[in-house]
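J.: Pasting the sequence and the predicted coordinates here, then a few questions.
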Amino acid sequence: MANLKEIRNRITSISSTMQITSAMKMVSAAKLKKAQDAITAMRPYAEKLTELLQNLSATLDGDVGGEFTTQREVKKVLLVAITSNRGLCGAFNTNVIKETKSRAEYYSGKQVAIFAIGKKGNDILSKTVPVVDNQSAIFDHLTFDNVAVIAETLTQKFLSGEYDKIELVYNQFKNAATQIVQVEQFLPLAPIKTDKAVATGDYIFEPSKEEIVLTLIPKALKTQLYKGIRDSFASEHGARMTAMHKATDNATDLRDQLKLTYNKARQAAITNEILEIVGGAEALNG
């Protein structure tokens, strides 16, 4: 059994760790509220934009997507891995990295590259798969305009023929304790399919419906990427808050166990001292 001083040092160390994890939990909880409000407010817009694009495209004949829907033979694939810049958030980054590696293996035999958004993904994936770019700084100023620049870069890589297919891999925010890894095709645009009846009213379109669709597509791509990063950002804080909550609970249990061990050891030491005193007194009397 460890001596009393070692146990006291461990209790002090664990108490300090508890203060850190508890503080990180509160910070993540505050940031989560803001990030959750942002993604919740954005989803209706993204869904309505997709619905509008579907309704317009469903009333048009032929391929109205132009270069954005061109289905080429897949030889070069770009995987956009959205992770975080910091750790201590449970399996948040691990799940995305694992899914990205799985997608890279799925495209075995083709040229696969990584476009990293987040330092953690860049650090790990660069060891096994070529990373063409790392946009970790986006989280310092996460705005639609900044994300739009990245979306335009990705779009240009596809339109120029540098890559034949681009996919997004990220954590979708469900709640603070649950994040779902998503793989979405970014480009080329998948054929628009909907089971809903298309509402065809007597509308006059200015400019033409074709021009409106071609204008909406770049906007929809920027929105899709922004939504993915926003989802990931909210998921990160939810995962970190949950991880720090569990860490605090575990530290509390360990501290209580050590306190019990300390009290037992202290009681045993006091008992031994009393026995020694009694034994010495009896020896003198004898």
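T.: Looks like it came in fine.

J.: what's the spacing between the lowest-mean-pLDDT helix or strand in the chain and its chain's center?
T.: Ranking every helix and strand in the chain by mean pLDDT, DSSP states H and E puts helix 4-58 at the bottom, with a mean of 89. Taking C-alpha atoms, centre = their mean, to the nearest Å, one finds helix 4-58 lying 10 Å from the centre of the chain it belongs to.

J.: Could you list every helix and strand in contact with it?
T.: Judged by 3 or more C-beta pairs under 8 Å, 6 or more residues apart in numbering; DSSP states H and E, the packing partners of helix 4-58 are strand 165-175, helix 209-285. In short, each C-beta sits where N, CA and C put it, glycine included.

J.: so which of the ones you listed gets nearest Ile7?
T.: helix 209-285 (4.5 Å; C-beta to C-beta).

J.: now the angle from that closest one to helix 4-58?
T.: Helix 209-285 and helix 4-58 are oriented at 170 degrees to each other (axes from the mean of the first three to the mean of the last three C-alpha atoms, to 10 degrees).

J.: Report pLDDT for the most centrally placed residue in the chain.
T.: Residue closest to the average C-alpha location in the chain (C-alpha atoms, centre = their mean): Ser232, at 3.9 Å. Ser232 carries a pLDDT value of 96.

J.: so it makes contact with Asn85?
T.: No. Using C-beta atoms under 8 Å, Ser232 makes no contact with Asn85, being 11.2 Å away.

J.: Surely Ile114 is within a helix?
T.: No. Read with DSSP: H, G, I helix; E, B strand; the rest coil, Ile114 is strand and lies in no helix.

J.: Could you give the number of residues near it?
T.: Ile114: 26 surrounding residues under other C-beta atoms under 10 Å.

J.: OK, contacts around it?
T.: Counting by C-beta atoms under 8 Å, 6 or more residues apart in numbering, Ile114 touches 78-81, 100, 104, 121-122, 125-126, 129-132.

J.: Top of those residues by number of neighbours, please.
T.: Neighbour counts for the contacts of Ile114 were taken using other C-beta under 10 Å; the highest belongs to Ala81, with 30 neighbours.

J.: Surely it and Gly121 touch.
T.: Yes. Shown here, Ala81 and Gly121 form a contact pair, counting by C-beta under 8 Å, at 4.3 Å.

J.: Now do the shared contacts for those two.
T.: If you check Ala81 and Gly121 against C-beta under 8 Å, 6+ apart, the residues they both contact are 96-97, 100, 114.

J.: Just those: which are in strands?
T.: Counting by DSSP state E, the part of these found in strands is Ile114.

J.: By neighbour count, which bits of stretch 32-49 are buried? Give me those.
T.: 32, 35-36, 39, 42, 46, 49 (16 or more other C-beta atoms under 10 Å).

J.: which residues sit in contact with the closest residue in space to Phe173 that isn't next to it in sequence?
T.: Counting by C-beta to C-beta, 6 or more residues apart in numbering, Ala234 is the residue found nearest to Phe173 once chain neighbours are left out, at 4.1 Å. Contacts for Ala234 (C-beta under 8 Å, 6+ apart) come out as 32, 35-36, 38-39, 173.

J.: which one of those residues is nearest Ala281?
T.: Closest approach to Ala281 among those (C-beta to C-beta): Leu32, at 65.0 Å.

J.: which one is the closest one nearest to, not counting chain neighbours?
T.: Counting by C-beta to C-beta, 6+ apart, the residue nearest Leu32 is His237, at 4.0 Å.
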